[in-house]
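A.B. asks: I'd like to go over a predicted model; first the sequence, then the structure.
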Amino acid sequence: MAGDCCVPLLDSSEPVTTRMAYGYILEFFRRLGREPTLNEMEKDLHLGADTVVGSLKSLENKGLVRLDPVTSRIMDAYPYSAVPTRNRVLFEDGRRVYCMCAVDAFYVPFLTGSNVIISSRCFHCREEIKIGVERQIVSLARPATAVVWNSTAPYDCPKTNFFCSEEHLLQWRDNAPDEPGQIYSIDAALDAGMRAARRIGLSTEGLNAILWAGADELVCHCREVPKSTIIAAIARGAASVEKIAAETTACTGSWCKDTNPMKRCCRTEIESLLEVYSGKGSFI
């Protein structure tokens, strides 16, 4: 997988189930630091098992995830790794995710809008490296001489690594003179992360985030109506916001500015759920 901004992209012609599955996977890694299971995807996305697996296969074909060939477990999901790597990203609240390569770690502050500490080790001497990113600007570089080798090999993740100094990177290069790639400063790696994260964001552009929220996520905060209740009403035939409101009490409160984190009515979320789940197909 490429370490720079040439990230695979899902465009709007892709099935909405595939796009929402990708959004869900990224959000799951952000919240829990691990990959979702197939059962969790079925429950939260209200998709049948065949549709979940089909969406994952489509994402794998695009190079956005890597699956275990036997179990279909998610092993990697651009830029996250389901197994520990040398590139760890810590959030302010203590949450942790692993990333596939050094440049991938710089996607995280832009994908999540969070301040983070990137922790790794020099690929040559194993010295600890810490990079702080606050408000999407490098706020800490320890050691200050740290750099990144950005590989351009066909599968670049194992070779895209941190080094404590350019001197140590060049010493490593003495043993790999034909290795394709370039030296990145920490600021250049951050810029690559920003550009890649923007491209990843295009994969789910135009989709409401409620589509990849958990089944228990509240849609209507005034009446405390979760996503699963809305979808169940749609499955029973409620085909408009008004019919959903009559059946579930969602969108009948008047305290949205006080209760809803987005300070607005939940009608937009209900309309998004209607658009996806009012049809037939493989939805639960």
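C.D. replies: Alright, I've got the coordinates.
A.B. asks: Now the element after the worst-scoring helix or strand of the chain on mean pLDDT, going C-ward?
C.D. replies: Using mean pLDDT, DSSP states H and E, the weakest-scoring helix or strand in the chain turns out to be helix 256-259, at a mean of 91. Next in sequence after helix 256-259, counting helices and strands by DSSP states H and E, comes helix 267-277.
A.B. asks: Pull the residues that contact that next one.
C.D. replies: 16, 20, 46, 207-208, 210-211, 219-220, 227, 230-231, 234-235, 239-241, 244, 250-251, 283 (CB atoms under 8 Å, 6 or more residues apart in numbering). All C-beta atoms are positioned from the backbone trio N, CA, C, and that covers glycine.
A.B. asks: Domain-wise, how is the chain divided?
C.D. replies: 87-190, 209-277 (automatic domain parsing).
A.B. asks: what about the strands in the stretch 101-250 of the chain?
C.D. replies: Applying DSSP state E, counting those that start in this stretch to the stretch 101-250 of the chain gives strands spanning 116-121, 128-134, 137-142, 147-151, 161-163, 181-185, 218-220, 225-226.
A.B. asks: Show me where this structure dips below the pLDDT cut-off.
C.D. replies: Residues of the chain that meet the criterion pLDDT under 70 lie in 1-7, 280-284.
A.B. asks: can we see that at 50?
C.D. replies: 1-4, 280-284 (pLDDT under 50).
A.B. asks: can you give me the helices in the protein?
C.D. replies: Listed in chain order, the helices of the chain (DSSP state H) span 16-32, 38-45, 49-61, 102-105, 108-112, 166-174, 186-202, 227-235, 241-248, 256-259, 267-277.
A.B. asks: Go through those helices and name the closest to C157.
C.D. replies: Judged by CB to CB, the one of these that comes nearest to C157 is helix 102-105, at 7.4 Å.
A.B. asks: Other residues contacting the closest one?
C.D. replies: Contacts with helix 102-105, where a contact means CB under 8 Å, 6+ apart, come from 1, 3-4, 78-80, 87-89, 99, 118, 120, 131, 148-150, 157, 160-162, 184, 189, 192-193, 196.
A.B. asks: How many residues are close by the closest residue to Y78 other than its chain neighbours?
C.D. replies: Once flanking residues are discounted, Y78 sits nearest to L64: 5.0 Å by CB to CB, 6 or more residues apart in numbering. Neighbour count for L64, taken as other CB atoms under 10 Å: 24.
A.B. asks: for E40, same thing?
C.D. replies: Neighbours around E40, by other CB under 10 Å: 16.
A.B. asks: Distance-wise, check it relative to R96.
C.D. replies: Per CB to CB, to the nearest Å, E40 is found 19 Å from R96.
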